[in-house]
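> Provide a 3D model corresponding to the input given below.
(one chain, ligands or ions: 2)
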Amino acid sequence: MDLKAWLADTRLVVCVGSGGVGKTTSAAAIGLYAATMGRKAMVLTIDPAKRLANSLGLETMGGEPTRIDLGPLGDGVAADGELWAMMLDSRGTFDDLIGRIAPDEAARDRILANHVYRHMADAFAGSQDYMATEKLYDLVQDGRWDLIVLDTPPVKNALDFLESPGRVVRFLDEKVLGWLLAPYDRQAVWGSRIMQGTSTIVFRLLGMVFGKEFLDDLATFLQDFGGLYDGFRARHAAVVALLRADTTQFLAVCAPTTSSTDVARFFLEELEARDLPRAGILVNQVHRTAFDEVGVPDDLRAVAQRVAADMPEGTIDRVLGRLQRAHVRLRALAATEQAQAASVGQAAHGVGFLQQVPRIRGEVHDLSSLLKVGQAIFEVDAPQA
Ligand SMILES: Nc1ncnc2c1ncn2[C@@H]1O[C@H](COP(=O)(O)OP(=O)(O)O)[C@@H](O)[C@H]1O
Ligand SMILES: [Mg+2]
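Ligands and ions are numbered 1, 2, ... in the order given. Below is the predicted model:
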């Protein structure tokens, strides 16, 4: 399967998987490779390794879209394309969002200054996956990029990310607010029941516990925030539509280990259950061995003999013996990894591709090593899983 063609038809790639497997690396490599194909790519990243962020010039940029200078790769490598990157700023995102959907400035300022809001915003700011989907919506609306690659946060529960777009809506629908505003009838009109029935008792109790000032804050918050319901609902619907679009592809990234491929398998199932578009699986950091035979190849022995000509007798054999044992171990590791890849490939059968990405020497923290990862993804035909 030609992954270049796959990428050309895609406008949003969402990289999912467990932590530490290479989601951020893959997301950046995909964005970079797209830029070399002439695309204007944006990588929305959550937690880039410090050295990667540094070398991309991301560290000082906060939550603003930053264009990456691809000059170091050499002239013409990405002549028509652009690579942009941005780090998620969870705190800023929620306040921005209120600014966007509040009916007017006065309402916005009132909400932003409200103590109850601040508490809630802090709670939601900790939820990076929710913020990522909010930011994603903004980036798509912006229209400056023809490809967005979303790196997803390391989540405790792999499902959190998929559930996140609806979180605020559900919060407004069912949780604290729904209960306070409409204790008897969930469909009741917003705000109309604040001071009736059970709520009144609850409010009195809250007043006794937290004081009148808190109560005033809460009442104002409930009324103002309740008014934002339609805005949240509309955004939620738009994000869900975006995640379902034909041009969106979810890519499960994993390492060739049992635990990581289990998570990838689980993600594929969950995506299918939600009817979300699955591209396939990247098995990252696969070890490759140069020689197939377990024995020391003759040419290696010849080289060793030349190099160690003046060393004590037996040195070469001892060195070659060690090399051979290391080689046997590496081959065993590679074989185990191939078995992992094959088994996760079965789970992905009929879904999409299964691409293996070799472990690159050293870490992937600059443009040229990112490009190597990109080439490993896109310039080797991937088997259809
Ligand atoms: N193909 C690869 N070869 C070598 N090192 C890699 C490769 N992919 C990722 N890494 C390294 O592994 C570490 C974790 O990668 P990262 O992309 O930050 O993982 P995640 O975002 O899934 O937590 C980083 O130090 C990165 O440089
Ligand atoms: Mg990461």
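> so which bits of the chain are right by ligand 2?
Applying C-beta under 5 Å from the ion, we find that the chain lies next to ligand 2 at Lys23, Thr24, Asp47. For the C-beta atoms, the positions are set from N, CA and C on the backbone; glycine is no exception.
> if you set the cut-off to 6 Å instead, what comes out?
Lys23, Thr24, Ile46, Asp47, Asp151 (C-beta under 6 Å from the ion).
> the first one against Val149, yeah?
No - contact criterion C-beta atoms under 8 Å: Lys23 and Val149 do not qualify, at 10.2 Å.
> circling back to that earlier point, turn the residues of the chain next to ligand 2 into CSV, including pLDDT.
Below are the residues of the chain next to ligand 2 laid out as CSV (pLDDT from 0 to 100):
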residue, pLDDT
Lys23, 91
Thr24, 90
Ile46, 77
Asp47, 74
Asp151, 88
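> is it possible to export those to TSV including secondary structure and neighbour count?
Formatted as TSV, the residues of the chain next to ligand 2 follow (DSSP: H, G, I helix; E, B strand; the rest coil; neighbours: other C-beta atoms under 10 Å):
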residue	secondary structure	neighbour count
Lys23	helix	28
Thr24	helix	25
Ile46	coil	19
Asp47	coil	15
Asp151	strand	27
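> between the residues you listed, which sits nearest Leu354?
Lys23 (16.7 Å; C-beta to C-beta).
> Asp217 belongs to a helix?
Yes - under DSSP: H, G, I helix; E, B strand; the rest coil, Asp217 sits within a helix.
> isn't it up against Val116?
Yes - using C-beta under 8 Å, Asp217 is in contact with Val116, at 5.2 Å.
> so what sits against both of those two?
Common neighbours of Asp217 and Val116, using C-beta atoms under 8 Å, 6 or more residues apart in numbering, do not exist here.
> out of the residues of the chain next to ligand 2, which is nearest to ligand 2?
Distance to ligand 2 across the residues of the chain next to ligand 2 (C-beta to the ion) is lowest for Thr24, with 3.3 Å.
> what about the nearest residue to Asp151 once chain neighbours are set aside, neighbour count?
Spatially, and ignoring its direct neighbours in sequence, Asp151 is nearest to Ala27 (3.8 Å; C-beta to C-beta, 6 or more residues apart in numbering). Close neighbours of Ala27, defined as other C-beta atoms under 10 Å, add up to 26.
> let me see the contact set for Ala27.
Per C-beta under 8 Å, 6+ apart, neighbours of Ala27: Val13, Cys15, Val43, Thr45, Val149, Leu150, Asp151.
> mind redoing it with 7 Å?
Residues in contact with Ala27 (C-beta atoms under 7 Å, 6 or more residues apart in numbering) are Cys15, Val43, Thr45, Val149, Asp151.
> one more: Gly63?
Met86, Met87, Leu88, Asp89, Gly92.
> what's the third one sitting at in phi/psi?
For Leu88, the backbone dihedrals (degrees, to the nearest 10) come out as phi -70, psi 130.
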